[in-house]
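Participant: got a predicted structure here, sequence first:
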Amino acid sequence: MAIKRTLGSAFLTCVCVSWAWGQQVASPPPPTPAPSPAGTVTLSVPRSTTLQVALDKEVRVKRVGQPVHGRLIEPVYAFDEQLIPVGSEVLGRITQLEAVTGKKRFLAALNADFTPTRRINLEFDELILADGRHIPLKTGVTPGSGRAIQLVTTADTQKKKTAKGVAREKTKEALEEAKRKWHEAMKQIKTPGRMHRLGRLAVAQLPVHPQYLGAGTVYFAELKEPLDFGSKPLSTQTLASFATPPPPCNLLAHAQLVTPLSSATTPLGAPVEAVLTQPLFSGERIIFPQGSLLKGSVVQAQPARRLARHGKLRFVFHELFPPDGLQQKLDAYLEGVQADQAQHVKFDTEGGAQPTSPKTRYLLTGLSVALAAAAYQDSEAGDVGASSSGNAGQGAAGGAAGFKLVGILAGAFIHSRPFALGMGVYGASRSVYSEFLARGREVVFQKGTAMEIGLWMERNCDASAPPEQAR
């Protein structure tokens, strides 16, 4: 019996081993993960992208349909590749000459201007690349654009000596490089010389004068249809860069404003969005691609007030969303912005923007008051035997203070002391009111305004490291 039990146990052991071996042979080993192929990225310029176009030739406005010619002053990227370089030609036309309202015409007539400036609507419909390709466009020009602008930065503003302040100080060289690129882009525009500008200023004083679109006038043309440039493969290194630790803390990014802002109408706490228009690199590694979205809020919004007190506006960004990437927490501050040259925008120590009054206002107001005083003194002298040349001189002085060139001519030929005195007082009081008593100017940033934004990342920070910058 013992022998039978031993043989049975051995038989069962053989059966079990045979079953287990059969199962191992029948079940194939788990497949080895194949290396994933590098992905691809679509090279397209999406709808709502803003193209910045500067007129490179002066245009005397005549009719609807009149052609205009400009050049791009901001490159256009997709992900990490430049698609449209600075200097590309852009063709357009005048689509509408808006009628002048009765109120505006009346106020202009009080200033002896019988051809007040009309609002002109443009449309850009063709892009010409350096290789000769013609690409049709469908755009709409952002309302409020069409001005001479400049890049204003915080490079000359003293910052507080905090850790973040030290990091921002490191961005000064990067800001200077951004200004250099801006000036290089504007060199392609044949801006008029001083004598030409003086001539145009003299013509503008005439009661009837033509209207011009000056060379260097910048328009924000928003795409209504996307532009397709195909696609390209992405290297494994590029894909892997998005799985690496957070980028350096000290960054300077180039972006465009998505949310239009105004110190007069934007409420405190309003959301603000901007999009990176150029990729941000650290060496050869891409940190954030073009199209990354910045989200923030308005932290100061003060409308302009009487007594020439200008509006103030300040906003910050708190989050960054790369395309198909992980959200990044950050603090981002405005370090540079495109602004209307006539606004004289400056930054305060906290990165807030505010217009400033030009020093010439004292000179011009003083001149108007001096002309009015001269007319008054001549009126007090009131000698019946005064020469006609003296009357003509005082009349011209009073007229100059009141109605510019028209006032000078009228005052010279109308030998009337009351007329000269009235013209002088009117001109002086108008100058004092507009420069010192009226409401100040607002801070206005249109959609598509280019900005230099300092990014302060929360982790892995080395404030002494030089800032990375968009290429």
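Facilitator: That came through fine.
Participant: please, where are all the helices along the protein?
Facilitator: 2-26, 102-110, 163-169, 172-186, 194-204, 236-241, 360-381, 388-413, 417-432 (DSSP state H).
Participant: confidence-wise, which of these is weakest overall?
Facilitator: Among these, helix 2-26 has the lowest mean pLDDT, at a mean of 39.
Participant: in this protein, which helix or strand is least confident?
Facilitator: helix 2-26 (a mean of 39; mean pLDDT, DSSP states H and E).
Participant: which segments of the protein make up each domain?
Facilitator: 42-230+258-358+441-469, 360-437 (automatic domain parsing).
Participant: redo those as a markdown table? Include distance to Leu252 and mean neighbour count.
Facilitator: C-beta coordinates here come from the backbone N, C-alpha and C atoms, glycine included. Shown next, in a markdown table, are the domains of the chain (distance: least, C-beta to C-beta, whole Å; neighbours: other C-beta atoms under 10 Å):
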| stretch | distance to Leu252 | mean neighbour count |
| --- | --- | --- |
| domain 42-230+258-358+441-469 | 4 | 17 |
| domain 360-437 | 33 | 18 |
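Participant: okay, the ones you listed in JSON lines with distance to Thr236 next?
Facilitator: Shown next, in JSON lines, are the domains of the chain (distance: least, C-beta to C-beta, whole Å):
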{"stretch": "domain 42-230+258-358+441-469", "distance to Thr236": "13"}
{"stretch": "domain 360-437", "distance to Thr236": "59"}
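Participant: least reliable of these by average pLDDT, please.
Facilitator: Looking at the domains of the chain, the bottom one is domain 360-437 with a mean of 59.
Participant: gap between the two ends of that one?
Facilitator: From its first residue to its last, domain 360-437 covers 16 Å (C-alpha to C-alpha, to the nearest Å).
Participant: I'd like the numbering to begin with 49 instead of 1 from here.
Facilitator: Taking 49 as the first residue, the last one we looked at is domain 408-485.
Participant: hang on, the earlier thing: what's the closest of the domains of the chain to Leu299?
Facilitator: Closest approach to Leu299 among these is made by domain 90-278+306-406+489-517 (3.8 Å; C-beta to C-beta).
Participant: partner residues bridging Leu328?
Facilitator: Beta-bridge partners for Leu328, by DSSP bridges, are Phe336, Ala518.
Participant: how much space separates the closest residue to Ile334 other than its chain neighbours from Ser96?
Facilitator: Nearest residue to Ile334, sequence neighbours excluded (C-beta to C-beta, 6 or more residues apart in numbering): Asp128, at 5.2 Å. Per C-beta to C-beta, to the nearest Å, Asp128 is found 21 Å from Ser96.
Participant: cool, and Gly140?
Facilitator: Distance from Gly140 to Ser96, by C-beta to C-beta: 18 Å.
Participant: same thing with Thr202?
Facilitator: Separation of Thr202 from Ser96 (C-beta to C-beta) stands at 29 Å.
Participant: out of the domains of the chain, flag the one nearest Asn298.
Facilitator: Of the domains of the chain, nearest to Asn298 by C-beta to C-beta is domain 90-278+306-406+489-517, at 4.5 Å.
Participant: now do the strands in the stretch 49-198 of the chain.
Facilitator: 88-93, 98-103, 107-108, 115-120, 124-126, 129-132, 137-145, 168-176, 182-184, 187-189, 197-201 (DSSP state E, counting those that start in this stretch).
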